[in-house]
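Q: Okay, predicted coordinates and the sequence, questions at the end:
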Amino acid sequence: LPPRTQQLKMAGRLVAGRVGQLWNLHGARRTLFSAVRPLSAAAAAPSSSSSTTKNVKLDITSDGIAVVKLDMADSKVNTLNVNMSGEVVEVFQRLESDPKVKAIVLMSAKDDFVVGADINMFTACKTSQEMENIARPAQAMFKAMSNGKPKVAAIHGNCLGGGLELALACHYRVATQSEKTALALPEVMLGILPGAGGTQRLPALIGLKDALPLILTGARVNVTKAKRLKLVDEVVDIHALEHSAVAAARELASGKLVVDRAPKGLVANLTKKVLEETRFGQNFIFKKAREGVMKQTKGNYPAPLKIIDVLETSAHFGFGSDAGYDAEAQAFGELGVTSASKALVSLYFGQTACKKNPYSAPKQSPKVIGVLGAGLMGSGITQVSIDKGYQVLLKDAALPGLARGLGLIEKNLNADVKKKKISGFDRDVKMSRVTPLTDNDANWQSFFKKTDIIIEAVFEKLELKHDIIRQFEAIIPPHAVFASNTSAIPISKLATASKRPENFVGMHYFSPVEKMQLLEIIPTKNTSKDTLAVAYEVGLKQGKIPIVVKDVPGFFVNRCLGPYSDEGLALLLDGASPEAVDKALTQFGFPVGPMALSDEVGIDVAASVGKNLKGDLGVRIGAGDAQLLDTVLASGMLGRKSGKGMFIYPPGKGKKTPNPEMLEILQKFRAGRKQTNPSVEDMQWRMTSRFINEAALCLQDEIIANPVVGDIASVFGIGFPPFRGGPFRMVDSIGVQSFVDRMLRYRDQLGPHFEPAPILKEYAKTNKKFHSS
């Protein structure tokens, strides 16, 4: 998810406080795993008829249970486009009118249930009315479904967006006990809201206080939580899904199964009564939700606030009322044509493009990964690898470092267990995929003879990395790829130590690896296409968004971050405080202010990156005084890791506070320099325009392949405001001539580091855009 979108997890923390038993079995006392139910003659009733359309398969058992399987032609997943929806409506109308059919099971013939609506339908809309015209027929379709014969949704894999709205229109939901099964309404991540009844049915089903955070954040719910929330009624083994759903449909039709989702216990009933059934309680929930949204989004994202408005109207008139549906459809239409939605949709398509391996499948798909160095980066790379099924050899020079790395991985997995994202058994399975090794282990070299790819993440010292490359290339098999996670050393320099340069590549992960989605892949002139195919495949399987960039200092993200950070120092010297700069940039849409970011990555690291870039970028690095950071480092202030930097960080989870020592140093360096006391707007635009200008130069110099790559890398690499769509989408939005004019004004006022990139000036002549749509 985009960094800002991830920060929409606000209302849940403020208004949640859920109650109820984890595995509350409803009035029918159905078992948790229906696979244990005896296969009676009735349950195993053979099919009496079947039919198939292009996207829908239908079987009807001899006792009248229709099994409808969605199987979208020429697609790996099911989406609700015009054709699929039309076929579903036609099949359901036929089943509703067939007196022999008693109940209906809806499931997927693919690995996922339904992943949502076809987003291309939204992008084709030019007006809010056109968007609204998508929502209203979908609402009517699901209303008709919910009013007919008993229907059971049998869910495995992703059940997202319109797919969940489809399942909510059914009368009963059975889901598989699988890591792959997830339910969500992620429309907010596209700048819209659920438009096919999701804002009505979800609160009506699980309650307002539980539904609100799910709709506001688009968070995925695993099957354990879905059962606790009563979003699903039954959890079964994957092999028992169809059998259990058919059995449930039969019992619903006969009246044997009566579903009771009412709160259990005095506390649960009282909580629901006070918070959800009184105007005072509802007002409290909505007030807290709005406060949370504004705190996290600064009002930059219209969708969360509009969602609250719709839910408030619906709560007043009743969820499922005409007023509720009208409010949903109108808001869907209005949000669909906002600039924020268009930007977020463009990011969605950009992610989709980056998640297709441009080098096709490698000759040999990796199974065993060797990770060298068990520090923050090495342990993070290991975690995302074992999480996706890879076997990992994690090697560190000595036991203490190895133990710390393993401890970090286990700590993160334990946190997932605590949050019920995974089970304790799942954690143990993942940890079993790690083989820890040190120099002291006998015959450690023998383990690496079966490695398919090495990813080194040791200290940023050229000689050390060269020694490791030579050492391991003598051990690993000839087909194995050697990848470096360096962030500062050119890949071509590292590759000089390689005897197989065609197998050598850069794989630059971002910290923390287990959270940051971007992966920069950096080839040299000798890197083979198959090596790139291997690196891309590994990145994709690890859950990353890979991009390929040219081997230049800083690659792409850090290269753009250099001038951005440099301008931040210039603002401090011009009289702005670290707090003021951070506040201005977070209001602009960045998830973290530049000063706090510097403290998080380490001021020593930031200073090193600036020095590495200086030789290549020249005048584009140096607006701030480099000696400022040297003085800060000499005083022992490294950022969060030393307890103080731009800010002071108390032990534990206390809030950061201004650092008087930093302000003292700033005052000394400000002496003799003209104090401009920049405005909030100047702080925002000076820093952002430096980033955008460098991104444009990277496109011009073919460091990145196209503007889509630049937008994706900027958003997922440093958190460029997602609602602006990335640097190139933002320039398209404001107009390239307007942007160039602003840069020229800054150049005249502040110096040549604001000289617009030639590509920007060229585009301005004809008002050309970076994106065609």
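A: Great, that's in hand. Just so it is clear, the structure is predicted and the values come from calculations on it, not from any experiment.
Q: Okay, helices next: where are they in the stretch 401-550 of the chain?
A: Counting by DSSP state H, counting those that start in this stretch, the stretch 401-550 of the chain has helices at residues 424-431, 444-447, 462-473, 491-495, 529-541.
Q: neighbours of the residue lying closest to residue 629 once chain neighbours are set aside, just the number please.
A: Using CB to CB, 6 or more residues apart in numbering and skipping residues adjacent in sequence, the residue nearest residue 629 is residue 607, 4.2 Å away. Where C-beta positions appear, they are placed from N, C-alpha and C, glycine not excepted. Residue 607 has 19 neighbouring residues, counting by other CB atoms under 10 Å.
Q: Help me confirm that residue 607 is found in a strand?
A: No. Assessed with DSSP: H, G, I helix; E, B strand; the rest coil, residue 607 is helix; it does not lie in a strand.
Q: and the gap between it and residue 598?
A: Distance check for residue 607 against residue 598: by CB to CB, to the nearest Å, it reads 9 Å.
Q: now residue 301
A: Distance of residue 301 to residue 598, computed by CB to CB: 26 Å.
Q: again with residue 306
A: 35 Å.
Q: Could you check the pLDDT of the nearest residue to residue 230 once chain neighbours are set aside?
A: Leaving aside its chain neighbours, residue 230 sits nearest to residue 261 (4.7 Å; criterion: CB to CB, 6+ apart). In this model, residue 261 is scored at 89, pLDDT.
Q: On the three-state scheme, residue 261 is what?
A: Applying three-state DSSP to residue 261 yields a three-state assignment of coil.
Q: Assess the claim that it and residue 210 are in contact.
A: No. Assessed by CB atoms under 8 Å, residue 261 is found out of contact with residue 210, at 11.8 Å.
Q: So between those two, which is more surrounded?
A: residue 210 (25 against 16).
Q: Quick check, pLDDT for the more buried one.
A: pLDDT, residue 210: 94.
Q: Same question for residue 278.
A: The model reports residue 278 with a pLDDT of 89.
Q: Compare residue 306 and residue 598 and say which is more crowded by neighbours.
A: Legend: neighbour count by other CB under 10 Å for residue 306 and residue 598, higher for residue 598 (26 against 22).
Q: What are the boundaries of the strands in the stretch 501-650 of the chain?
A: 504-509, 518-522, 545-548, 647-648 (DSSP state E, counting those that start in this stretch).
Q: Now do the buried residues in the helix or strand where residue 285 lies.
A: Using DSSP states H and E, residue 285 falls within helix 279-297. Within helix 279-297, the residues that count as buried by 16 or more other CB atoms under 10 Å are 281-282, 285-286, 288-290, 292-293, 296-297.
Q: can you redo those residues as a markdown table with pLDDT?
A: A markdown table is the format used below for the buried residues of helix 279-297 (pLDDT from 0 to 100):
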| residue | pLDDT |
| --- | --- |
| 281 | 90 |
| 282 | 91 |
| 285 | 93 |
| 286 | 95 |
| 288 | 95 |
| 289 | 95 |
| 290 | 96 |
| 292 | 94 |
| 293 | 95 |
| 296 | 91 |
| 297 | 92 |
